[in-house]
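Participant: predicted model and sequence follow; I will ask about them next.
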Amino acid sequence: MLFRIGFSFIALCQLCELTHGWRQSTRFILQLHGESASQSVLSIRGGGSELKEHDGNDFGAYFRDAYGVTSLKEDDEDATITIQDGSLNDALVKARTQARLLVTFIPSSKPKNKNSLDQKAIKSILSSEVAQMAEKKSRKKGEGGSFLIWSAKAGSQEAATAMKRLKVKKGAKNTPTLLVCYPTQTLDSSGRPKVSSRILAHHHCNPPPSPNSMAAWLNTLRKRHAKQYAVMQHGARELALLKERTEGYKSSVEDDARRAAQERKEEEERLEKERKQKKREEEMEMRRASLFEDLPEEPESIGEGIITIALRFGDGRTGQRRFTEDTEIESLFNWVDAVYKEQREYITLTTMNGQKSFSFEEQSGETLKDAGFGRMTGLRVLINKIEEDEVENKEDENE
């Protein structure tokens, strides 16, 4: 019975994920993402007791050489045959993926026997007429070809397994097996997805059809089983939607994870920055308190050896204080830092006429008198631009 309703393909895949046998069904589902159904050549899946990788037309060449089929026009692109190894089950899965019916052909005898019926059947299968029919659109609204052709070597284990699975009884003596299957999609007793086969037509091959007759036979089956093509094409569309949604969901999850990681990183950096800033401010307050306590005592009145320093800041602030002439210039920087909250390392003191300038790092015990300060001296306070990295580097050096 056709598996038409009950489970959409997406529901089927979701069920797969919930069952214990997901690994066993993964191979089937992944294969459905595989090769395009719109190949420009006829594909024959080859199977045998030895599974090998084949290139180009190897299996077709095997048929031609082993069975003495020489009438095929090798320069005819429409008759080009691509060979792929694999079992009947692999072929059924591929046919389902490409929304095609599966043509199964098994020679009746090994090549050494030179069976004429096998030769005639092989000649038709390898013909350009059959190749063109296999690639003909299955439906007007559909895409891709109509048939996938699979074969196995006569007498091989794969051929015996296929005959047993398809429940095909061997026909008349020396007649090859030629049939068309519909790759149905079902669930087994444990709810696992599987592809099975339903025989739609079995050719007696006594005698085998000619190339034109075989093409006509396939064309009749193509028209007759439009509903089966529609079911497979619907499944392929749902698979494409599932793949798109799955990839979109995966991409969304990955984006969310990256975004969350970036936000955590930024939050950690912000907290670390705040921690450092708070620590810096606390340390600065402690240092300024210490600098203020260490300032020399301010003289009570103007007199001999007393110098009054007047400050002017760029933002309009002003300040004034008396010092003795033997006070070191370093004390002026400590005063500005402790009282006016400007770091001494990042300021420059200049005279009003700009002829003299002083920086904290350049001081080496020079006094106000040594600098030539008069009883009343005005100084401009220039605040240098402070880069955050520079501040952190200086703090690291201090630590």
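Facilitator: Sure, I can see it.

Participant: when you work out contacts or count neighbours from here on, use the C-alpha atoms and nothing else.
Facilitator: Noted.

Participant: ok, now which ones touch Lys137?
Facilitator: Residues in contact with Lys137 (Cα atoms under 8 Å, 6 or more residues apart in numbering) are Glu143, Gly144, Gly145, Ser146.

Participant: so which of the residues you listed wins on neighbours?
Facilitator: Top of these by neighbour number is Ser146, holding 27 neighbours under the definition other Cα atoms under 10 Å.

Participant: buried ones in stretch 212-229, by neighbour count?
Facilitator: By neighbour count on 16 or more other Cα atoms under 10 Å, the buried set for stretch 212-229 is Met214, Ala215, Ala216, Trp217, Leu218, Asn219, Leu221, Arg222, Gln228, Tyr229.

Participant: now tabulate the contacts of Lys137 in JSON lines and tack on distance to Pro107 and secondary structure.
Facilitator: What follows is the contacts of Lys137, written out as JSON lines (distance: Cα to Cα, whole Å; DSSP: H, G, I helix; E, B strand; the rest coil):
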{"residue": "Glu143", "distance to Pro107": "31", "secondary structure": "coil"}
{"residue": "Gly144", "distance to Pro107": "28", "secondary structure": "coil"}
{"residue": "Gly145", "distance to Pro107": "24", "secondary structure": "coil"}
{"residue": "Ser146", "distance to Pro107": "23", "secondary structure": "coil"}
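
Participant: those residues: which two are farthest apart?
Facilitator: Glu143 and Ser146 (9.1 Å; Cα to Cα).

Participant: picking that back up, any chance of the buried residues of stretch 212-229 in a markdown table, plus pLDDT?
Facilitator: What follows is the buried residues of stretch 212-229, written out as a markdown table (pLDDT from 0 to 100):
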| residue | pLDDT |
| --- | --- |
| Met214 | 94 |
| Ala215 | 94 |
| Ala216 | 95 |
| Trp217 | 96 |
| Leu218 | 94 |
| Asn219 | 94 |
| Leu221 | 95 |
| Arg222 | 93 |
| Gln228 | 91 |
| Tyr229 | 90 |
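
Participant: which ones among the residues you listed are found in strands?
Facilitator: Among these, none falls in strands (DSSP state E).

Participant: tell me which element the spatially most central residue of the chain is part of?
Facilitator: The structure's the chain has its C-alpha centroid closest to Ser251; by Cα atoms, centre = their mean the separation is 7.4 Å. Per DSSP states H and E, Ser251 falls inside helix 226-294.

Participant: number of residues surrounding the closest residue to Gly68 other than its chain neighbours?
Facilitator: Leaving aside its sequence neighbours, Gly68 sits nearest to Gln119 (Cα to Cα, 6 or more residues apart in numbering; 7.3 Å). Each residue near Gln119 was counted by other Cα under 10 Å, and the total is 22.
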